[in-house]
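*Asks:* turn this into a model:
(chains A and B)
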Amino acid sequence: QVIQAEQRSSKRWELTPEGKEIAQEGSHEARVFDSIPAEGLLQSELMKLPSGKVGFSKAMSNKWVRLEKNADGGPRIFRAVENVQDLVREKLQLVQQGEAESLEEKDRNELKKRKLLMEVVIKTYWIQKGSAFSTTVTKQETDLTPEMIASGSWRDLKFKAYNFEALGIMPEGGHLHPLLKVRTQFRQIFLEMGFTEMPTNNFIESSFWNFDALFQPQQHPARDQHDTFFLQDPAEATDFPMDYLKRVKKIHSQGGYGSQGGPWSSRGWSSAAPSVWDPSRGLGLTPVLPNPQEKFTPAKYFSIDRVFRNETLDATHLAEFHQIEGVVADYGLTLGDLMGTLREFFTKLGITQLRFKPAYNPYTEPSMEVFSYHQGLQKWVEVGNSGVFRPEMLLPMGLPEGVSVIAWGLSLERPTMIKYGINNIRELVGHKVNLQMVYDGPLCRLDAVPWPPPVQPVL
Amino acid sequence: MPTVSVKQELLFQALGRRYTDEEFDELCFEFGLELDEVTSEKDIISKEQGDGKAEGASDIILYKIDVPANRYDLLCLEGLVRGLQVFKERIKAPRYKRIMPANGEIQRLLITEETDQVRPHAVAAVLRNITFSKARYDSFIDLQEKLHQNICRKRTLVAIGTHDLDTISGPFTYTARPPSEIKFKPLNQDKEYTASEIMELYRTDSQLKHYLHIIENKPLYPVIYDSNGVVLSMPPIINGDHTKISLNTRNVFIECTATDITKAKIVLDTLVTMFSEYCEKQFTVEAAEVTYFNGKTCIYPELAYRREKVKPDLINKKIGISETPSSLAKLLTRMCLKSHVTGNGNNIEIEIPPTRPDIIHACDIIEDAAVAYGYNNIQMTIPKTYTIANQFPLNKLTELLRQDLAAAGFTEALTFALCSQEDIADKLGVDISATKAVHIANPKTAEFQVARTSLLPGLLKTIAANRKMPLPLKLFEISDIVIKDSSKDVGARNQRHLCAIYYNKNPGFEVIHGLLDRVMQLLAVPPNKGCGYLIKAAKDSAFFPGRCAEIFAKGQSIGKLGVLHPDVITKFELTMPCSALEINIEPFL
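*Replies:* Here you go, the predicted model:
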């Protein structure tokens, strides 16, 4: 610091030009009073005086003068009192003498309102020598250079101060997509829990695998043209596991394995229609299918991939989204096991308050929807769906009796939208993504922040 | 999931107590229902049509309750209340009985051969000496509508007709006639129309127009007559006005015509079990006889009770609890499944009432035991299943490459797997027939006509949507494309692609080329002719002539790179030069 400057300001009251005039000549009302002779004055005459208009109404309200409307020759003004005390003038004169402080605040404001008085602020600076006071000027260096280091000149140079308030320059790097960062975390969680990843790289599936094998009636609404993307080309799937298909067809129409069956009409049975993976598809079943040559071994599988539904897009719905699924197959699994597994899974997501609601899915029984308490919304929200696969689904597959398969699913988009506070799904998934949001995205640490966060979009 | 609206006041009256919204929500949750919304007619109208229209509408509080799709017995106030009261052990589940008419003269419905081609089945029953009130009547109509929308699959599988029996006389004939020969006064109309005229009349009706297609193109339309030729109904479109039921109706004739006889029986059973509550002899239903043209005769409603035996041990083991057999039987009884212990406690015998067609296997019974026990009372356990986890190799490779592509300065995009034909064909300068694209038969919009055969259009569209961002834009995506493949059972397969794009004031071929070199370095593939990789000049309509090369690696073509053709850039509504790379990564597994 070469010099030190301190700002000082002071206030003072001054008269306006009109105020000065009044201090000298008297207030308008006093001047009006003075100009009225004993026999009175015509109102029209009075109004012609320089202070007439303002002075008259003030004098009237002070009750210094009175008006006779029916006097000869028109309304006439008379003095109403003998003499008056011109307080306005006296107050202004006090201000003029520098004694403004002796006036009451109320009076000052009144005079200020009448534009007779004004407050003047005077700013001044108090200048002193600074800690680095010098009478010669030296240029400051902006930054250290290799030459300064080599020559050692840096020892004697002055360097300009950095502004630590400013932001730095963002590194030029690429960025991973927020949704796929969350996908990575879900994969990690499943792998930590010992679940093997299922191949899901076949978006096209026949109605047999999409629906029939899942004990979904052929007339089920989910199989409607309205909901599922069916294919025009290729139009037909082939090469079905015929024995298995026969068993599935039988369980649908006649029952078996201790079941009454649908019982659904198998009139016009069709398994061949291929469609793009439907959300109701549940799981990629193929890997769960037991190899008849091998003994059944307990297994845990997961998958995270796209599923498709025939919908028009809006802020919360897309025609394709990611479905997360987990499945455990073993002898003697219980409903308690399903709930315990879900508790561990959701704890890893940072979701600890869970409760379970009875629900209906065509391919699981018992079925339960998973709810979590949402701090932001102050209510329970559904976070997933789960259940135990029906024997009508498992036994035709050739799984040994006594093996239970527990499973659950949730969407990848919903927790991600909540996590990142995104209201419009189209800003997250698809080509309308907001790249700035991708650039600015934080790490995905599902359990590091309480989930769901207190502030939260409406889903 | 169907939603049932019930008046809060009527509900609490029937339940015999009041609940706060929270308490009722809790009860629903426990029972597997969801209190979706607390509203009123006024609220609904003002939400749908604006505040002005709601003037004068009722502000009686309505509960909208979501009911599981397989529980037809909970689709009306009567059923909901019965289910909840039995669940809370305030009443015992009623026993539904089919009875013969007092005078011995059973109502008969004859099915003629003509129906076989259009709607071959019918079932019928009579509710005798019923007492309607406005609320009961509304609920009766509403339940029919709910059944029509759900189990009846919008009347395609089953259509319900209810008639004032005292206005007609049996036997009734269910037949099918040419539309020109059917003439009657439809419900709530003031004159007679022929069937063809009726179809025209309802072409613009907001509700009925959805059902016309079911019979419209059939040569014969289904129709039911009484013995005097009075038309009861022309299923599945409309009833006759003559047999209309009113608040004063005492005897109701119910017919359900169907293409699926099982569903028809369920629908009839549901309707009569719910509303026989209001008959003089509560929970009794008068039988009707249906005779097919081949002489086969059936008596309806079936109201069948079925017995199942389940071992208590199995129930405990499947749920993960240890209740005594008698306590399990008690739990099941609370779910309207009357149960008792037999065989020295080794078995539970369960009676499945006609209201529960959803119970088809022991697992359904086990679920009900778990619901009555309370899901949230079950002890959570961790399965002892020991497994070694494996990643799917293709996904493992994808995950590793993604990280390093981001480290190389490219930003990840996530685009749709379905797109328009234009995106993968016209805009890239090829004909759609030249692609091996999979075509969707029923897309709602042009955005979902085909499965993508390339990731490039998605990335170009991503740039188009982000033109305001500072240049250069460097994007990548590693995801699946879909192509037809006749060697696969479904005739198509996925292929995992890596696509990257550089968009700037200069084409930046060297940037994209450098990225290829980096990817190959990451995959440990050296630049050479043998087992390494190389690029060769190639032609492709998507690329600028002379600025495109084909990429070969491990002895096979894996994709292309180059400067995009100005036409492609323009068609994707872009203005800057752009270079791109797209390869199949599956050979590197």
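
*Asks:* going by C-alpha atoms from here, please, whenever you check contacts or count neighbours.
*Replies:* OK.

*Asks:* what are the ranges of the helices in the stretch 301-450 of chain B?
*Replies:* Using DSSP state H, counting those that start in this stretch, the helices found in the stretch 301-450 of chain B span residues B:312-319, B:325-333, B:362-373, B:393-407, B:421-424.

*Asks:* between these, which one is closest to A:Ile127.
*Replies:* For A:Ile127, the closest of the helices of the stretch 301-450 of chain B is helix B:393-407, at 54.8 Å, according to C-alpha to C-alpha.

*Asks:* show me what that closest one is packed against.
*Replies:* strand B:411-412, strand B:473-484, helix B:509-522 (3 or more C-alpha pairs under 8 Å, 6 or more residues apart in numbering or on different chains; DSSP states H and E).

*Asks:* ok so, going back, reformat the helices of the stretch 301-450 of chain B as CSV; add mean pLDDT, mean neighbour count and distance to A:Thr16.
*Replies:* Shown next, in CSV, are these (pLDDT from 0 to 100; neighbours: other C-alpha atoms under 10 Å in any protein chain shown; distance: least, C-alpha to C-alpha, whole Å):
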stretch, mean pLDDT, mean neighbour count, distance to A:Thr16
helix B:312-319, 96, 20, 92
helix B:325-333, 96, 22, 94
helix B:362-373, 95, 23, 87
helix B:393-407, 97, 17, 71
helix B:421-424, 94, 22, 76
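
*Asks:* out of those helices, which gets nearest to B:Asn70?
*Replies:* Smallest distance to B:Asn70 across the helices of the stretch 301-450 of chain B (C-alpha to C-alpha): 11.4 Å, for helix B:362-373.

*Asks:* could you give the angle of that closest one to helix B:312-319?
*Replies:* Per axes from the mean of the first three to the mean of the last three C-alpha atoms, to 10 degrees, the angle that helix B:362-373 makes with helix B:312-319 is 80 degrees.

*Asks:* and helix B:362-373, does that touch chain A?
*Replies:* Yes: if you take C-alpha under 8 Å from any C-alpha of the partner chain as the test, helix B:362-373 does meet chain A, through B:Ala362, B:Cys363, B:Asp364, B:Ile366, B:Glu367, B:Val371.

*Asks:* quick one: contacts of that helix?
*Replies:* The contact list for helix B:362-373 (C-alpha atoms under 8 Å, 6 or more residues apart in numbering or on different chains) reads A:258-259, A:358, A:365-367, A:390-391, B:30-32, B:87, B:310, B:315, B:318-319, B:328, B:331-332, B:334-335, B:358-359.

*Asks:* same check, this time on stretch B:284-296
*Replies:* Counting by C-alpha under 8 Å, 6+ apart, B:96-101, B:106-113, B:122-128, B:272-273, B:276, B:297-301 sit against stretch B:284-296.

*Asks:* next secondary structure after the helix or strand of chain A with the lowest mean pLDDT?
*Replies:* In chain A, the helix or strand scored least confidently by mean pLDDT, DSSP states H and E is strand A:274-276, which has a mean of 73. Later in the chain than strand A:274-276, the nearest helix or strand by DSSP states H and E is strand A:299-308.

*Asks:* is that next one in proximity to chain B?
*Replies:* Yes: for strand A:299-308, a contact with chain B is found by C-alpha under 8 Å from any C-alpha, at A:Ala299, A:Lys300.
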